Every structure is written in C-alpha cells, then in structure tokens.
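Colleague: sequence and computational prediction follow.
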Amino acid sequence: MKKGLLIVVSAPSGCGKGTILRQILKDEKYYYSVSATTRKPREGEIDGVHYCFLSHEQFENLITENAFLEHASYCGNYYGTLRKPIEENLANGHHVILEIEVNGAMQIRKLCPEAKFIFIAPPSLEAVKKRLEHRGTESPEVINQRLQQAEEELNCKNQYDYCIINDVLQEAIADFKSVIRAEELKIQNA
Ligand code: 5GP
C-alpha cells in the first residue's frame, strides 16, 4: 500500500483555516490529526473530536512517555500531536493533516523532512482582528494576545513550502486541493 502524505498546515488564529479544512476533510482520503491540549474547550467543542482535552499533569505525563510527535506551548497552553494515529494512518494510505502552530511545524520539518508545509495567510491583520471579534469566543485580552502572535507567525511563512491567502474562501479551497494534487503526481510520490 502506498503511504499517504504528511501535510502540515499552519495559520495565525482567525485566518479561517478551520473553514477551509472542514471542506477539504469531506474527502475520505484525508485523516485529520486530533491534537491534545490543556486549553479549556470552547462552547460546542467535543472531547476526542476537536481536541483531546487534558489536564497539565496528564499532558506532562504523555511528554514523559514520548507519546508526542511534537508539542509546543501557545498562549499559555500546551498543544501536541499524538504519534500513534499519525503513523497508522500514513501507513494505510491516508493523507494526514496536522493543523499546528509554527514551532510545532518546525519540529516536524526536522523529524519528517518529507512532510509538506502549507501556510494559510489572511489578506491582512485587520481581517484577522475582525474575524476574531466576530467569532466572539475569546475575551478582548486573548484577542490582543492572538493578534500579536498572528503578526509573529506571519513572519515565519517563508519557512513553508506553500502559502495560500484566504481572501475568497472558494479560491483558497481550490488552491489547497491543487497543492495536494500536484504533490500526489510528483514522481517520487506516484
Ligand atoms: P486554538 O486554541 O485556536 O484551537 O489553537 C491555537 C493554535 O494551536 C493554533 O495555531 C493551532 O493550529 C495550534 N495547534 C493545535 N493543535 C496543535 C498541536 O498538536 N501542536 C501544535 N504545535 N500546535 C497545535
């Protein structure tokens, strides 16, 4: 069986990457890696579906057990990718999507140089601010923290293989599909 592609997607908070990925994941050839986090669930978020929500202690135990492929701190919480489901799904031919922040992505770059790195950028920082305010899931303080973080993350986009600007949603989705198709057709992946 041909192995799937490991696809790492990063985007500053409020770039609409969730909306893009929801469309992409309708295709069963993809497997979305559910991360573990110590962040509290937002309204509507389900344990085991959106994240595995863990206590600090549980998370740190898993670090000690080497259960994470990568992990990082982001705005005061731990986030990490569990190793086992990734390996299993790649082996059975799924394209595995890791939706992770920049530091975690750079850890994967070192560990898995064959992975593909996609950065989703907003048309502007002003657009990020509007989306975060409109989403209304974070306090003004956290929104400011995330905006600062977004600015820093935008400076890292040159470390990725592809940059997709999410201005018009349908175009961003089409761009994402084109990138994956081109990767599938590469001689070394065919
Ligand atoms: P949020 O709290 O908005 O769900 O996620 C905050 C940030 O953490 C986002 O940039 C998201 O992509 C990132 N993130 C989610 N899961 C992981 C993970 O497993 N590892 C790392 N390094 N970042 C993650």
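Modeller: Yes, it's here. Numbering: from 1, shown residues only.
Colleague: closest point of this protein to the ligand, which residue?
Modeller: Nearest residue of the chain to the ligand: residue 104, at 2.2 Å (Cβ to the nearest ligand atom). From N, CA and C alone the C-beta is placed, and that goes for glycine too.
Colleague: tell me, how many residues neighbour that residue?
Modeller: Using other Cβ atoms under 10 Å, residue 104 is surrounded by 24 other residues.
Colleague: what of the one 5 residues further on?
Modeller: Counted with other Cβ under 10 Å, the neighbours of residue 109 add up to 16.
Colleague: tell me which element it is part of?
Modeller: helix 102-111 (DSSP states H and E).
Colleague: identify the bridge partners of the residue nearest the centre of the chain.
Modeller: Compute the mean C-alpha point of the chain, and by Cα atoms, centre = their mean the closest residue is residue 99, 1.2 Å away. With DSSP bridges as the criterion, residue 99 is bridged to residue 9.
Colleague: contact partners for it?
Modeller: 9-10, 17, 21, 32-33, 35 (Cβ atoms under 8 Å, 6 or more residues apart in numbering).
Colleague: and the ligand, which of those contact it?
Modeller: Near the ligand, taking Cβ under 6 Å from any ligand atom as the test, the members of the contacts of residue 99 found are residue 35.
Colleague: what about the contacts of residue 99, which are in helices?
Modeller: Those of the contacts of residue 99 mapping onto helices are 17, 21, per DSSP state H.
Colleague: which of the contacts of residue 99 tops the neighbour count?
Modeller: residue 10 (25 neighbours).
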